[in-house]
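Enquirer: What shape does this take:
(chains A, B, C and D)
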4 protein chains.
Amino acid sequence: MAAVLMLRGSARLLYKHRKVHAASIAMVCSRAMASKTPVGFIGLGNMGNPMAKNLVKHGYPVVAYDVFPEACKEFQDSGAQVMDSPADVAERADRIITMLPSSPNAVEVYTGANGILKKVKKGSLLIDSSTIDPAVSKELAKAVEKMGAVFMDAPVSGGVGAARAGNLTFMVGGVEQEFDAARELLTCMGSNVIYCGEVGTGQAAKICNNMLLAISMIGTAEAMNLGIRLGLDPKLLAKILNMSSGRCWSSDTYNPVPGVMEGVPSANNYQGGFGTTLMAKDLGLAQITATNTKTPVPLGSLAHQIYRMMCAKGYALKDFSAVFQFLREEENL
Amino acid sequence: MAAVLMLRGSARLLYKHRKVHAASIAMVCSRAMASKTPVGFIGLGNMGNPMAKNLVKHGYPVVAYDVFPEACKEFQDSGAQVMDSPADVAERADRIITMLPSSPNAVEVYTGANGILKKVKKGSLLIDSSTIDPAVSKELAKAVEKMGAVFMDAPVSGGVGAARAGNLTFMVGGVEQEFDAARELLTCMGSNVIYCGEVGTGQAAKICNNMLLAISMIGTAEAMNLGIRLGLDPKLLAKILNMSSGRCWSSDTYNPVPGVMEGVPSANNYQGGFGTTLMAKDLGLAQITATNTKTPVPLGSLAHQIYRMMCAKGYALKDFSAVFQFLREEENL
Amino acid sequence: MAAVLMLRGSARLLYKHRKVHAASIAMVCSRAMASKTPVGFIGLGNMGNPMAKNLVKHGYPVVAYDVFPEACKEFQDSGAQVMDSPADVAERADRIITMLPSSPNAVEVYTGANGILKKVKKGSLLIDSSTIDPAVSKELAKAVEKMGAVFMDAPVSGGVGAARAGNLTFMVGGVEQEFDAARELLTCMGSNVIYCGEVGTGQAAKICNNMLLAISMIGTAEAMNLGIRLGLDPKLLAKILNMSSGRCWSSDTYNPVPGVMEGVPSANNYQGGFGTTLMAKDLGLAQITATNTKTPVPLGSLAHQIYRMMCAKGYALKDFSAVFQFLREEENL
Amino acid sequence: MAAVLMLRGSARLLYKHRKVHAASIAMVCSRAMASKTPVGFIGLGNMGNPMAKNLVKHGYPVVAYDVFPEACKEFQDSGAQVMDSPADVAERADRIITMLPSSPNAVEVYTGANGILKKVKKGSLLIDSSTIDPAVSKELAKAVEKMGAVFMDAPVSGGVGAARAGNLTFMVGGVEQEFDAARELLTCMGSNVIYCGEVGTGQAAKICNNMLLAISMIGTAEAMNLGIRLGLDPKLLAKILNMSSGRCWSSDTYNPVPGVMEGVPSANNYQGGFGTTLMAKDLGLAQITATNTKTPVPLGSLAHQIYRMMCAKGYALKDFSAVFQFLREEENL
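Expert: Numbers count the residues shown, from 1 in each chain, chains lettered A, B, ... in the order given. Model (predicted):
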């Protein structure tokens, strides 16, 4: 722990040169030294609820907020403290994690009338685990920095199961000197915490990974479907792909064809897993980000459209590997 | 060897019930028992030449043919025997391997005026290693079967380097009982010989793998390019993808971004490797096959178009991972 | 009529220099002079049946054939003569029209064991109105020319209704000097007969038109759907598009949005019109043709995939403008 | 003029019931009655400059602003009055037209530190002719409405030439009762002023039209290119398409193939016209809008990617019909 404190001490020195007021540094130090002071948590949905509970399990007092009273009540019943607004959370805790469904929610929680920034303490560490447009993360970081606090984006990979089991992966963007402080909290909820670079790069890494995931999943579904139509046995084809240059996570770990693997959504009528509607959302973010940076992403763009069409055709809540089923259905005249 | 002969013996019995004449069986048996009798090889191009030479190295007398006299001469100079036509090859050898650039060439070599079938011996084993439409393979197989001989499709994976080194991968389709006889020859030229199923499934496996490869390569290029534009370090991003669900052969073994890996075409200005024009050809086959079987392959189809556009933009002879370069170029006003 | 004969006479002279035997010319002349001699018709399906009947109405004795006995019987009952094979038709008629569902059928009817070419008379005029790969048309033309006869491709635009009403459009490819002879027959079945160029260009024109049609139909559906979601009245939006640069046949004549126009399939639950499965077939031909000529057609290719997916999703028999319905369906969680 | 005033009078009555304060109405009436009072114009770029000059030509005193001093100077030299900020323009004029390159510029000009809203008079009419995200238009409208003023979006169709000639098309969204007041000004700059519906629908109409335009332009280029490769004469093919169901504005009015039409960019090496980079921008807006409304636009999305790739390949400043050239280039090995 001493090592961490020292590292953080030197981090503070570096940070000082970036014109943070002395008072802010003092606050940060006190935050760092009393690691079991309350941690704020905003957004108690399917993901946020088990994440916050894992913080509690690790001995952190959690002060929480959610816009839905039922979500708050359920959390309160489990012994945690619930506040009336994000601002009130910020008044009580100098480390806050937010887990929200979309950019507008994040903007509201941080900069709204009762938002975190209304009462944030100088030197606070604000970690946003929502998956949002990295450009919005950067704007939030600027607004947070103006208040003398620190913002990091730390979106997660892994679903509700991983949130419960505490083995999410966090991709973290922000000032490198704050990474250790963030990791201290995030390791309570995840098994993998990766530093990606400046603010917004956590989002960027997640978006890029999920775009490539969607592309290779659809590609795997197309290749498997075509091969089956051409007379290949699905298990044999999967085996051939997996020992060849077509190999990918979607073919060797999460194969979308029923009967090829066990323990994956395709073996269970595409229930559980990562919903098509969530994949469509992430691909939408990739699309917007690519558009704004003038980056051509032809397959990512078409993958987005395919998941959008699947949503319109009743697949919204099925696992995203159901694209195999979407493509395979037979033409019946 | 005895085991193989026995297996082949029982295979013959099975085959007999499929109404092959006794004479044909006798021929097959003599073929099998004298494994160092001459082997025919038709198509001495960039791939065929080193493949045929590997047969010679393994002690097989090779009788060869190519439509280009220079190709024949070069091969003859190395001590092999050259014939005047595919028919003449078939007269001399009862095991023949063909390695041709496209479907029409294969049709001509087998069924043309001086084609193999003009003089093929009953019971001969004809192995086509060309990459062609599996529907054409099936037609050739029927024509060959009518002559009392056996046809297998055995397209290869791996380029000129693998052909020279003798470590190609063969994907083999055809009557399972003949697989051992085919493997005996193919292992002289490749390190991996996979049985895929009935005639045409070798082609199918190759086409499906290469379609998925093209899709995941373009996807990797898009994801890496987008991530870099969003501020991520390319090596770090590759590392993140490779430990996440976006992982694929194109990201972890053949990364298209210069500076991420060594010993791959992206480290050498996209020279060597698997040419864009060859990938476009294979995607064209996938497209035609999918069209004829009414199989939707939206990403495979767009990947085909992208490689087609790259060919038109000067990338024809660059490695197919150059799609990263094709997509990244900056807009300069 | 004299003018036509003279024209055809001079056409013959030109043709003579292209090394057609004198005997063949004599035959052609006799064909031309006796215009109400029997006309052959092969393929009495949904389109062929009413087309052949229109020839009868115009006073031509028709000798017909179809592979399905019921189709023959129905036609015979209406007073026409039915033969036992395409060869028999060719024996009786020196002008033959073929209307077949796909390339393999056409190849069989022309070059099969009982095909037209078995008994075709020198100088005969063979017009194929099937929609097939132009490369196949060219092959058929070569085979026909070898027999001293003339082949033209003349695919139609317009559906069963137009076939009945006799106002199809024919796009004709072949030797220009024969165009008048072809037109004489085709005008009995169509209101528009367009000469496109050498053999295969009739198919090419049809394929190109239908590919552009599919693209602009899907584009219109996307634009209308997006506009409606953004609050625009569909009729107003159609009006704006139609006076602007987005105007196209699909927006101003065949609008896919129910309620915008009357008398079109979208006003009648997408019944009637041009079936999605037929559009998918034509786009498949465009795809194969583009692949074989290495022509990039990115939107044509994606349009093909979309119509293929629609077929797999129950739209096969609906009019192709139903792509609006396919895209608009709402995401219901 | 009396008719217009009466109409506007009754419009006012309707508007009154929507709870606009009496003072605001009084202002509006005075604005309406003195039609040659100064008109503000913000954004004097390639489009804004000639538009503002057309207002001057029609006798309107113009008070203008541009962020670039040179743009202001050039305009001042032509006799108009130039202000120091958007706020100053708003102080002097109660009718203001804005013509800005993108959403962030528009947000800054309206809501920035020296933005219009700092000094806007109650009852002012603010018309934004920029092409931006309709969601941003709606946000601006809300902010403007809070200040007791009126906002309309009125993006234009037609380029610099049309701006000079005063024959732009305006697509107008906003409160219908204000449409006449807007039209009075817009007709000085355009020959076509179309009311589209509530705020944002002007943008929506433009975005939808341009998306369909891009799709049918690329489709025309693909169809023409494929037809030419198949042996069709370009002029003949264009003629056939234009009398068939493939007909569209891009084929019959703005054909992308050199030699088919005169007086279009394809006849002049794709100079002039509507730049590829501008089309890419509009398609980006369509993409973002579709993403945010969860509307599938597969072809629109791919069209966006194609224009994005063209920008990266040196076509940024060429007319968007240059997609024909982009696609046609030959594969040279």
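
Enquirer: can we go C-alpha only for contacts and neighbour counts from here?
Expert: Will do.

Enquirer: Which stretches in the stretch 101-250 of chain A count as strands?
Expert: A:125-128, A:150-153, A:156-157, A:168-173, A:190-197 (DSSP state E, counting those that start in this stretch).

Enquirer: which residues touch stretch A:164-181?
Expert: For stretch A:164-181, the surrounding residues in contact (C-alpha atoms under 8 Å, 6 or more residues apart in numbering or on different chains) are A:4, A:8, A:11-12, A:15, A:32, A:50-51, A:54, A:151-159, A:162, A:186, A:188-203, A:205-206.

Enquirer: That stretch - what's its average pLDDT?
Expert: The average pLDDT for stretch A:164-181 rounds to 96.

Enquirer: Just the CA atoms of that stretch, as CSV, please.
Expert: Taking Å, rounded to 0.1, in the frame of the first residue of the first chain, the C-alpha atoms of stretch A:164-181 are listed here in CSV:
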residue,chain,number,x,y,z
ARG,A,164,-22.4,-10.4,-10.5
ALA,A,165,-19.3,-12.5,-10.4
GLY,A,166,-17.1,-9.5,-10.2
ASN,A,167,-15.0,-10.4,-13.3
LEU,A,168,-15.8,-7.6,-15.7
THR,A,169,-13.1,-6.1,-17.9
PHE,A,170,-12.7,-2.3,-17.5
MET,A,171,-11.1,-0.2,-20.2
VAL,A,172,-9.9,3.0,-18.6
GLY,A,173,-9.2,6.4,-20.1
GLY,A,174,-7.9,9.4,-18.2
VAL,A,175,-4.8,10.9,-16.5
GLU,A,176,-2.4,8.1,-16.0
GLN,A,177,-1.4,9.2,-12.5
GLU,A,178,-5.0,8.5,-11.4
PHE,A,179,-5.1,5.1,-12.8
ASP,A,180,-4.0,3.4,-9.6
ALA,A,181,-6.7,5.1,-7.6
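
Enquirer: Tell me the buried residues in that stretch?
Expert: Residues of stretch A:164-181 classed as buried: A:164, A:166-181 (neighbour count, 16 or more other C-alpha atoms under 10 Å in any protein chain shown).

Enquirer: can you give me how far that stretch is from the chain middle?
Expert: Between the centre of stretch A:164-181 and the centre of its chain there are 10 Å (C-alpha atoms, centre = their mean, to the nearest Å).

Enquirer: And stretch A:161-179, by the same measure?
Expert: Centroid separation for stretch A:161-179 versus its chain: 8 Å, with C-alpha atoms, centre = their mean.

Enquirer: try stretch A:111-130
Expert: 18 Å.

Enquirer: And stretch A:245-260, by the same measure?
Expert: Averaging C-alpha positions (C-alpha atoms, centre = their mean) puts stretch A:245-260 24 Å from its chain's average.

Enquirer: for stretch A:214-233, same thing?
Expert: 29 Å.

Enquirer: Contacts (any at all) between chain D and it?
Expert: No: Stretch A:214-233 does not reach chain D (C-alpha under 8 Å from any C-alpha of the partner chain); its nearest approach is 14.9 Å.

Enquirer: Repeat that for stretch A:96-111.
Expert: No: using C-alpha under 8 Å from any C-alpha, stretch A:96-111 stays clear of chain D, coming no nearer than 11.4 Å.

Enquirer: Sweet, I'm off.
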